[in-house]
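>>> Sequence and computational prediction follow.
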Amino acid sequence: MDILSMMQPARERPGTAAQKGIGHRMQTALMGWVHQLGTLEYWEALLAGFEGLGPLVPILLAMVESFFPPLPLIAIVALNVAAHGGLLGFLYSWAGVALGGIIMFLFWRRLIKRFFWKVASRSPKLEKAQQWVNRFDTSSLFMLSLLPFTPTSFMHFAFGMSDFDEKRYLRAVLLGKGLMVAMMAVFGQSLVSSMKNPVYLVLAVLLWGGMYWVSKRFCRKHHLE
């Protein structure tokens with residue numbers, strides 16, 4: 001091999017060039033999608049498609065949160081409000097939360113407690129849950145249901161396995177959850193309005209912070225942390 005041939009740049013393999021081309025196209029597509037997320041038109045189109053699905057989907061979204069607590073209910077309510085307006089978004093979200101809560105409570109009360117009580121009653125966790133329930137009256141239960149940052153899944157379990165009156169529980173929880181969803185709907189409406197007026201974003205942040213602070217104080221008082 002002579003000196004001139006050694007000084008010439010090495011040729012890339014066809015496969016390497018193709019891989020670089022595919023990687024570049026994927027990176028460009030990803031950057032374009034991320035850019036779309038920051039545009040108002042993208043979210044308006046997404047909400048328009050969500051709105052066309054009717055009431056069943058927003059109700060199911062809010063209901064699933066009762067079975068899978070990590071889902072952010074406040075984000076679901078905000079999405080429902082943005083897609084269906086303040087009133088319908090609130091009603092759909094409340095219906096979903098109410099149905100999910102009733103199903104979970106009746107699951108523990110009518111199924112687990114009725115047919116598996118002898119086995120479940122031996123659990124130390126159930127004994128602690130029973131002692132915790134005994135400290136609650138209807139007004140305290142209403143406040144617990146009203147606050148958004150409280151362990152709702154544990155509440156359904158503890159009261160479902162207890163001897164707390166079923167009708168009192170459902171009335172208090174449905175009313176409390178209704179007011180909680182109403183506050184979340186106001187938060188969601190504030191977020192929607194903040195696209196046109198940034199002042200509403202400040203209102204939304206203050207409302208979120210206030211709900212979080214009150215919820216934490218209540219949980220600390222009733223040993224829920």
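Arrived safely.
>>> any idea which element residue 179 lies in?
Assigned by DSSP states H and E, residue 179 belongs to helix 166-193.
>>> for the helix or strand just after that helix, packing partners?
Per DSSP H and E, the first helix or strand lying C-terminal to helix 166-193 is helix 199-221. Counting contacts by 3 or more Cβ pairs under 8 Å, 6 or more residues apart in numbering; DSSP states H and E, helix 199-221 packs against helix 166-193. Using the backbone N, CA and C atoms, a C-beta is placed for each residue, glycine as well.
>>> Give me the buried positions along the helix it packs on.
Neighbour-count burial for helix 166-193 flags 169-170, 172-173, 176-178, 180-192 (criterion: 16 or more other Cβ atoms under 10 Å).
>>> Do a quick rundown of the helices in this protein.
Here the chain has its helices, by DSSP state H, at 3-7, 14-37, 40-51, 56-67, 73-84, 86-106, 113-120, 124-134, 138-146, 152-160, 166-193, 199-221.
>>> any chance of those helices in TSV, plus mean pLDDT?
Formatted as TSV, these follow (pLDDT from 0 to 100):
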stretch	mean pLDDT
helix 3-7	49
helix 14-37	58
helix 40-51	60
helix 56-67	85
helix 73-84	83
helix 86-106	92
helix 113-120	75
helix 124-134	76
helix 138-146	82
helix 152-160	86
helix 166-193	85
helix 199-221	72
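>>> and these, which is most packed in?
helix 73-84 (a mean of 23; mean count of other Cβ atoms under 10 Å).
>>> name the helices or strands packed onto it?
For helix 73-84, the packing partners by 3+ Cβ pairs under 8 Å, 6+ apart are helix 40-51, helix 56-67, helix 86-106, helix 166-193.
>>> could you redo the last one with a cut-off of 10 Å?
helix 40-51, helix 56-67, helix 86-106, helix 166-193, helix 199-221 (3 or more Cβ pairs under 10 Å, 6 or more residues apart in numbering; DSSP states H and E).
>>> And the closest residue to residue 100 other than its chain neighbours, how close does it get to residue 177?
Closest residue to residue 100 apart from its sequence neighbours, by Cβ to Cβ, 6 or more residues apart in numbering: residue 66 at 2.8 Å. The gap separating residue 66 from residue 177 is 10 Å, by Cβ to Cβ, to the nearest Å.
>>> Need the residues touching each of these two.
Overlap of the contact sets of residue 66 and residue 177 (by Cβ atoms under 10 Å, 6 or more residues apart in numbering) consists of 73, 97, 98, 100, 101, 152.
>>> Reformat these as JSON lines; add distance to residue 107.
JSON lines is the format used below for the shared contacts of residue 66 and residue 177 (distance: Cβ to Cβ, whole Å):
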{"residue": "73", "distance to residue 107": "19"}
{"residue": "97", "distance to residue 107": "16"}
{"residue": "98", "distance to residue 107": "15"}
{"residue": "100", "distance to residue 107": "11"}
{"residue": "101", "distance to residue 107": "11"}
{"residue": "152", "distance to residue 107": "14"}
